[in-house]
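Engineer: Need coordinates for the following:
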Amino acid sequence: MSKLPGNAGVSLLGDKSLEFYRDPVSFCRQRIEKHRSRVFQCRLLNRPTAFICSVQGMRELLCEKSSLFLKDPTDLMTNMYGDTVVTTNGEEACLLRLSLTSLFTGSSLHSSSDYITSVCECCLKDLSLSGQPECVYTVFKRLGTELVLGLFLNVRAEEQPELFQEISQLCTQHWHGLISAPVNVKVPMWSSGFSTALEARDKLMEIIKDKLENDTQGFVGSLGSLPLPDSSCASQHLLLFISALIPKALASLLTSFTLALSGNEQEETRRRALTDAGYLQGVLLEVQRLWPPFIGGRRIADQDSTLAGFHVPKGHGAIYISHSVHRDPEVFQQPDDFLPERWSGRNAGQEHFLCSFGSGPRGCIGVKLTDFFLKEACMYLLKHYNWCLEPQSQDLEYKWLPVSRPANPPTISFTQLDPTRSDRSNTR
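Structural biologist: Numbering: from 1, shown residues only. Sure thing, here's the model as predicted:
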């Protein structure tokens, strides 16, 4: 057992939170090089914290030793969403997962497929119509919003446009408060972002409770019939499921997909992804590996333990950095290169080494739904369009918090494909 490389610093003065949040990727890269280790320590959120940037360390933290590292009960997510499958620990988290998983798999997932397909067509069918380049992140965020509000709340944009718009705006206000300083202050002519978020949350909860009481169909009806711990549990989870976080994550991945496959030089990659389902899966895994929507996740050591051979004392934080884990050269050769074929070669069967949506017993319960949606959206794009950056020269430098995307939203020009091409692809 070795001591963690680095320095946890002293209270307040030694805290590196601001430096980390400004540029988490550079923060980790510099320290990996300095300590020659993909596991190191710093002070984050005024707590000594182990940074986990290796596949081995991530697997231990999230899988083999997940019961030793707990979610932080004081985390802002708990304040904003209450006790949910994301924020709870121990037996409560296990029971919630058992109850909720059925809503995201099997027959429930199958029953959502027609709606997912229709939303993709509705939001993506006119990308070439104007002849002008599209801000794809905005397009995909709208697509994700229509998906989550339609699936989880039975509110569909074409049927209830005013309610859809109201909920969308409230979700955005709620989200912006989540990422602001958690100070609930109101004075004349000004209120904190957190205060505004709490007001938005209260309005959303009113809408959600009305839905749970009066809507017996679809996801809302199924959720309301589950054996959950208390009466507020269903509404708290619906608040989580319709949050702006999910559309932003989907928009992040779809934006990265279109950028990775953009231009004439990627025409063969697009053609192969359209006609070979296995290759498309490799493309999506590689997009997720290189540009994960979330930077990682944080836990607290419930007792003395080790991660990747390093001692982590009780009370220390432990944060896995998905961007760094996904570029671990011990697992991924040529880690910075976009190589979809790696997933049918050396890394075949190693999808569990990715942690964009967590991993292990606390991984995202909606990962199958996410995977299905991404494939539907990407297949629609591949069947109907060629695309390229316009203008060709754009700054595509990513920002990584709170959700990854190019800091300057890219614009892409779409060209409609010959419809007979997609017909031919359907026959293969």
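Engineer: Show me the residue at the heart of the chain, geometrically.
Structural biologist: A249 (4.0 Å; Cα atoms, centre = their mean).
Engineer: Could you measure from that residue over to V148?
Structural biologist: For A249, the distance to V148 equals 10 Å [Cβ to Cβ, to the nearest Å]. Where you see a C-beta, it was placed from the backbone N, CA and C, and this is true even at glycine.
Engineer: again with A93
Structural biologist: Distance from A93 to V148, by Cβ to Cβ: 22 Å.
Engineer: neighbour-wise, which of those two wins?
Structural biologist: Using other Cβ atoms under 10 Å, the more surrounded residue of A93 and V148 is V148, with 25 against 19.
Engineer: Would you agree the more buried one falls within a helix?
Structural biologist: Yes: under DSSP: H, G, I helix; E, B strand; the rest coil, V148 sits within a helix.
Engineer: pLDDT at it, what is it?
Structural biologist: The confidence metric pLDDT takes the value 97 at V148.
Engineer: same question, V185
Structural biologist: At V185, pLDDT is 41.
Engineer: which SS class is T415?
Structural biologist: Taken by three-state DSSP, the conformation at T415 corresponds to strand.
Engineer: distance of the closest residue in space to I321 that isn't next to it in sequence from R156?
Structural biologist: Spatially, and ignoring its direct neighbours in sequence, I321 is nearest to G296 (4.6 Å; Cβ to Cβ, 6 or more residues apart in numbering). Remark: distance between G296 and R156 (Cβ to Cβ) = 34 Å.
Engineer: so how far is L396 from R405?
Structural biologist: Separation of R405 from L396 (Cβ to Cβ): 10 Å.
Engineer: Kindly report the same for R47.
Structural biologist: Separation of R47 from L396 (Cβ to Cβ) stands at 34 Å.
Engineer: which secondary structure elements does the helix or strand containing F152 contact?
Structural biologist: Here F152 sits within helix 136-153, counting by DSSP states H and E. Where contact means 3 or more Cβ pairs under 8 Å, 6 or more residues apart in numbering; DSSP states H and E, helix 136-153 is packed against helix 106-124, helix 161-178, helix 193-214, helix 218-224, helix 233-241, helix 245-260, helix 367-384.
Engineer: Now that helix: buried residues?
Structural biologist: 136-137, 139-153 (16 or more other Cβ atoms under 10 Å).
Engineer: Check stretch 299-312 too.
Structural biologist: Buried residues in stretch 299-312, counted by 16+ other Cβ under 10 Å: 299-301, 305-308, 310, 312.
Engineer: Kindly report the same for stretch 15-27.
Structural biologist: Buried residues in stretch 15-27, defined by neighbour count with 16+ other Cβ under 10 Å: 15-16, 20, 24-25, 27.
Engineer: end-to-end on that stretch?
Structural biologist: Length of stretch 15-27, first residue to last, Cα to Cα, to the nearest Å: 13 Å.
Engineer: shaky segments in this structure?
Structural biologist: Within the chain, the ranges that satisfy pLDDT under 70 run 178-192, 420-428.
Engineer: picking up where we left off before, same drill for R405 and L396, tell me which one is more crowded.
Structural biologist: Neighbours per residue (other Cβ under 10 Å) separate R405 from L396, with R405 holding more: 24 against 15.
Engineer: bridging residues for the more buried one?
Structural biologist: Beta-bridge pairing for R405 (DSSP bridges): K399.
Engineer: That one: what's it in contact with?
Structural biologist: By Cβ atoms under 8 Å, 6 or more residues apart in numbering, R405 lies in contact with 137, 251-252, 255-256, 398-399.
Engineer: before we move on, what about E351?
Structural biologist: Neighbour list for E351: 285, 343 [criterion: Cβ under 8 Å, 6+ apart].
Engineer: what about 6 Å?
Structural biologist: Neighbour list for E351: empty [criterion: Cβ atoms under 6 Å, 6 or more residues apart in numbering].
Engineer: before we move on, what about G6?
Structural biologist: By Cβ under 6 Å, 6+ apart, the contact list for G6 reads 35, 40-42.
Engineer: For those, work out which two are farthest apart.
Structural biologist: Using Cβ to Cβ, the two most remote members of those are H35 and C42, lying 10.4 Å apart.
Engineer: Neighbour count for those two, which is higher?
Structural biologist: Between H35 and C42, C42 has the larger neighbour count (other Cβ under 10 Å), namely 25 against 15.
Engineer: continuing past the host helix or strand of the more buried one, what's the next helix or strand?
Structural biologist: Here C42, judged by DSSP H and E, is contained in strand 39-44. Downstream of strand 39-44, the next assigned helix or strand under DSSP H and E is strand 47-52.
Engineer: Run the angle between that following strand and strand 39-44 for me.
Structural biologist: Interaxial angle, strand 47-52 versus strand 39-44 (axes from the mean of the first three to the mean of the last three Cα atoms, to 10 degrees): 150 degrees.
Engineer: continuing past strand 47-52, what's the next helix or strand?
Structural biologist: Using DSSP H and E, the helix or strand that follows strand 47-52 in sequence is helix 55-59.
Engineer: So which other helices or strands are in contact with the next helix or strand after that next one?
Structural biologist: Sequence-wise, the next helix or strand downstream of helix 55-59 (DSSP H and E) is strand 69-70. In terms of contacts (3 or more Cβ pairs under 6 Å, 6 or more residues apart in numbering; DSSP states H and E), strand 69-70 is packed against strand 296-301.
Engineer: how about the strand it packs on as PDB, C-alpha atoms only?
Structural biologist: The C-alpha trace of strand 296-301 is given here as PDB (Å, rounded to 0.1, in the frame of the first residue of the first chain):
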ATOM      1  CA  GLY A 296     -16.900  12.200 -13.600                       C
ATOM      2  CA  GLY A 297     -18.400  11.600 -10.200                       C
ATOM      3  CA  ARG A 298     -17.500  12.000  -6.500                       C
ATOM      4  CA  ARG A 299     -17.600   9.700  -3.500                       C
ATOM      5  CA  ILE A 300     -16.600   9.800   0.200                       C
ATOM      6  CA  ALA A 301     -14.600   7.000   1.800                       C
END
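Engineer: next one: it to chain centre, how far?
Structural biologist: Relative to its parent chain, strand 296-301 has a centroid offset of 16 Å by Cα atoms, centre = their mean, to the nearest Å.
Engineer: Can you tell me the strand partners of that strand and which way each runs?
Structural biologist: Strand pairing for strand 296-301, using DSSP bridges, gives strand 69-70 (antiparallel), strand 317-321 (antiparallel).
Engineer: Tell me which residues are up against the next helix or strand after that strand.
Structural biologist: Under the assignment DSSP H and E, the closest C-terminal helix or strand after strand 296-301 is strand 305-307. Surrounding strand 305-307, the residues in contact under the criterion Cβ under 6 Å, 6+ apart are 1, 57, 60-61, 65, 68, 312.
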